[in-house]
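Novice: Show me how the following folds:
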Amino acid sequence: MKTPPYTCAILSLFLAVSQAVAQSSDDTDSIEQVFNNVRIIIGDGTVIERGSVLIRGDTILAVGPMSGGDVSDNAVSHDLSGKTLIPALVNTHAHLGWEAYGDWGSNLFTEDNLTDHLYRHAYYGVGTIISTGSDKEDVASRIKLEQLRGNIGGARYHQSPGMGSPGGGPNPRFTDDPDYWGVNPVADPEQAVRTVKELAANGYGIIKIWVDSRDERRGAQVKLAPEIYTAVLETASNYDIRIIAHATTLADHKALVNLGNRRFIHMPYDRDVDDEYLEMVRENNVYIVPTLGMITKREPYYIPAFQDPFFYDQVPASVLESLDDNYSAPPANQNAESQQRSAMLARNLVKLKDHIILGTDAGAVGDYFGYADHVELELFVRMGMSPAEAIVASTSRSAEAFGLNSVGSLKAGKAADFVILDSNPLEDIRNTRQIFDVYLRGERVDREALKQQWGQ
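Specialist: Down below sits the predicted model:
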């Protein structure tokens, strides 16, 4: 593994400067903490086998090799010998607010439920979440504002409103709800331009577009036309808005990349990716959310979550009792079509591994917030990525894909969002589940209190 060219002298300088600042201020933001003698997985592929992280308030001041004797007298010191520190995970695709662990629907999108979902992600070491195309704007905006004011913690919350064909877009589970919101319908390029401008004026920096035609129950089944998503992409580029496209076929991926789209929900699921597509992905620095946990529930790669004690941590007993027995283990026999599909998905993932980012679709299809992120990490590795590659995909690359510059890696100037693990995930990716502590914004998440609050 690479070791960055940081030195003890540089870190000591940071300590000396921060000590002077701390002595001249009683502001709680000046509180310093040093996490010593810990393996540090930076998030970009770099590893420091024995180092320290210095933070002040909610910001990382320095990261590098350092001995315990170099700690400032004013810094709270944590000896983490034998442990591993990784960036908090960055989930770029979920649906918050609808799930109530025993019930589901638009009536549940309340401030309390949305806040609860942010804390459930934080409990599992997810520091940032992008909720895509299903957030009730007035409720979501209040929660976002209160989080920015420091009144609500949990995972950092980002919204991504959606655009799609009139009557199309999300899966029928959402659109069957009479109070569903989330799709801004666009029937022509002019409407697409107006909608992007309106969303930009409302402060949104991420927009989801549904390209495929899958809403059979409402009768739309109309793809978003190329001239419409061309208008979306061109207008969004003028407002520094990042578009993420829900598309599942190789042909749609190619068409969208040719028009400038760089972010996708789902890999091509219909066939093996070819050399032409791979070259397009490399040349355009494309990012892809494969959502493997969502599409492998009945595949050979299925993971029996409900046998995992880590899953039980924040799921009520009433929900556990109601789970379908079929979800406790994969089917005994896999047909040839399922086996071939799984093999194809694994081949595509390996070919695209340098462009994969984390997203779970949790909240839409019965997966569980926070836990689903660790399932996705395991599936990355089981389907061909290395543990180190899976961590990069789930931290720095996910943040980079959406311009979330303060999170995703452990470097000076970044947010103090990290997870302390009892075991090394580079040896076994399931060790991301061995959580000792989670810190977000430089503050320790009280996971035990959250567990008690959830009735465990």
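
Novice: How about the secondary structure of the most centrally placed residue in the chain?
Specialist: For the chain, the residue nearest the mean C-alpha position is N91 (0.5 Å; Cα atoms, centre = their mean). Classification of N91 using DSSP: H, G, I helix; E, B strand; the rest coil returns strand.

Novice: Now do the contacts for it.
Specialist: For N91, the contacting residues are 121, 126, 128-130, 155, 358-360, 362, 373, 398, taking Cβ atoms under 8 Å, 6 or more residues apart in numbering as the criterion. (C-beta placed from N, C-alpha, C; glycine too.)

Novice: Tell me which entries of the residues you listed lie within helices.
Specialist: Judged by DSSP state H, helices contain the following of these: 121, 373, 398.

Novice: Can you tell me, leaving aside adjacent residues, what's nearest to the last one?
Specialist: Ranked by Cβ to Cβ, 6 or more residues apart in numbering and with sequence neighbours excluded, the top spatial neighbour of S398 is V90, at 3.8 Å.

Novice: among the ones in helices among the contacts of N91, who's most crowded?
Specialist: Each of those was scored for neighbours by other Cβ atoms under 10 Å, and H121 scores highest at 30 neighbours.

Novice: looking at it, that residue is touching G370, isn't it?
Specialist: Yes. Proximity of H121 to G370 meets the contact threshold set by Cβ atoms under 8 Å, at 4.7 Å.

Novice: Spatially, and excluding backbone neighbours, which residue is closest to the residue nearest to the centre of the chain.
Specialist: According to Cβ to Cβ, 6+ apart, the nearest residue to N91 is I129 (4.9 Å).

Novice: For the one you found, grab the count of nearby residues.
Specialist: If you count neighbours by other Cβ under 10 Å, I129 ends up with 31.

Novice: which residues of the stretch 301-450 of the chain score low on pLDDT?
Specialist: Scanning the stretch 301-450 of the chain with the threshold set as pLDDT under 70 gives 301-307, 322-334, 366.

Novice: Please enumerate the strands of it.
Specialist: In the stretch 301-450 of the chain, strands defined by DSSP state E, counting those that start in this stretch lie at 418-421, 435-440, 443-444, listed in chain order.

Novice: Neighbouring strands - and their directions - for the last one?
Specialist: When sheet partners are counted by DSSP bridges, strand 443-444 sits next to strand 435-440 (antiparallel).

Novice: Identify the residues contacting the partner strand?
Specialist: Taking Cβ under 8 Å, 6+ apart as the rule, strand 435-440 contacts 83, 88, 122-125, 127, 153-156, 416-422, 444-445, 447.

Novice: Centre of the chain to that strand, how far?
Specialist: Centre-to-centre, strand 435-440 and its host chain are 16 Å apart (Cα atoms, centre = their mean, to the nearest Å).
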